[in-house]
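Engineer: with the sequence up front, the predicted model follows.
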Amino acid sequence: MGGAALGAAGALGVAGCSKVPTGDTLARLRSQGIVRMGIAGEAPYGFIDDQGNFTGEAVELAKVIFKRLGVAKVQPVATDFSSLIPGLNSQQFDVVSAGMYINKDRCAQVIFADPEYQMLDSFIVPKGNPKKLLSYQDIKRTGAKMATGTGYAEIDYAIAAGIPEKELVILQDPVAGLNAVESGRVDVFAGTALTGRGVVKKSTKAEATAPFAPLVDGKKKVDGGGFAFRRLDAEVRDAFNVEIHKMKKSGELFRILQPFGFTKSEMTTLTAKELCR
């Protein structure tokens, strides 16, 4: 996610079976004046900056939307990516957002707002891309050693291309991936295009490949990321969606995301319903 190309594997773990009480969650959040938001501590989605402040596209977007919904403060809580959905369902958080892709498996556990962005993949490779790695099929064909992040969708894309899961190197985040590529421990680190181009900015030994849509079952896969809510909190999700769509229409959404490296090519009209299929 970079890293946030965070995919199916990490969030599937233990979905949690705790019983969540029903009630008007939005009214409760307004009354207490604060919403707890689970993040994975990863740029550009939600992280701590050099001044020690929580920021990121999800954090800044949440501040704007929840304020308009009558909730004065967003309290980001950093945790391991794989703990986000279980933490949401056990009421540690009121909402989570961490570059989390919307997919069928997750949609069985939580409900999503419509995505604020869409995402293509990219590889971090040595300068000059000596093995000419531009797709997962290239990695399979050349036998290149691939790394990616814990819980990333790229694990599934590699497996779909015929790369054995046991041969993948799983690292903590894209920074660890960059270090592994620069040191020669791996040939390629797979993640999102957004994360890839951000991580390699200051590197003299590595570069990011051109963005591409992975092939899964012969079809190009374009992912979208969004905020996740408990299944009983549809009223909060629906109110959140109303604001998201207003911001898409006005261009405000892009203005909030742009400082974190998002381009207009990452803006999307995809819906959560489409991505949950």
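Structural biologist: In hand now; what should we look at? Numbers count the residues shown, from 1 in each chain.

Engineer: now stretch 214-225: how far from the chain's centre is it?
Structural biologist: 15 Å (C-alpha atoms, centre = their mean, to the nearest Å).

Engineer: would you mind measuring the gap between the ends of that stretch?
Structural biologist: The straight-line separation of the ends of stretch 214-225 (C-alpha to C-alpha, to the nearest Å) is 16 Å.

Engineer: now do the same for it: mean pLDDT, whole number.
Structural biologist: Mean pLDDT, computed over stretch 214-225, is 92.

Engineer: do the same with stretch 156-168
Structural biologist: pLDDT averaged over stretch 156-168 gives 97.

Engineer: can you give me the buried ones in it?
Structural biologist: Asp156, Tyr157, Ala158, Ala160, Ala161, Ile163, Leu168 (16 or more other C-beta atoms under 10 Å). To be clear about C-beta, it is placed using only N, CA and C from the backbone, and glycine gets the same treatment.

Engineer: measure it end to end?
Structural biologist: Its first and final residues considered, stretch 156-168 spans 11 Å by C-alpha to C-alpha.

Engineer: quick one: contacts of it?
Structural biologist: 7-9, 121, 135-137, 139-140, 145-148, 155, 190, 214-217, 221 (C-beta atoms under 8 Å, 6 or more residues apart in numbering).

Engineer: widest-spaced pair of the buried residues of stretch 156-168?
Structural biologist: Greatest spatial distance among the buried residues of stretch 156-168 (C-beta to C-beta): Ala160 and Leu168, at 12.5 Å.

Engineer: in the stretch 1-150 of the chain, mark out all the helices, start to finish.
Structural biologist: Assigned by DSSP state H, counting those that start in this stretch, the stretch 1-150 of the chain shows helices spanning 8-12, 25-32, 57-68, 84-89, 104-107, 136-142.

Engineer: still on that earlier bit, show me which of the contacts of stretch 156-168 are buried.
Structural biologist: Buried members of the contacts of stretch 156-168, counted by 16+ other C-beta under 10 Å: 7-9, 121, 135-136, 139-140, 145-148, 155, 190, 214, 221.
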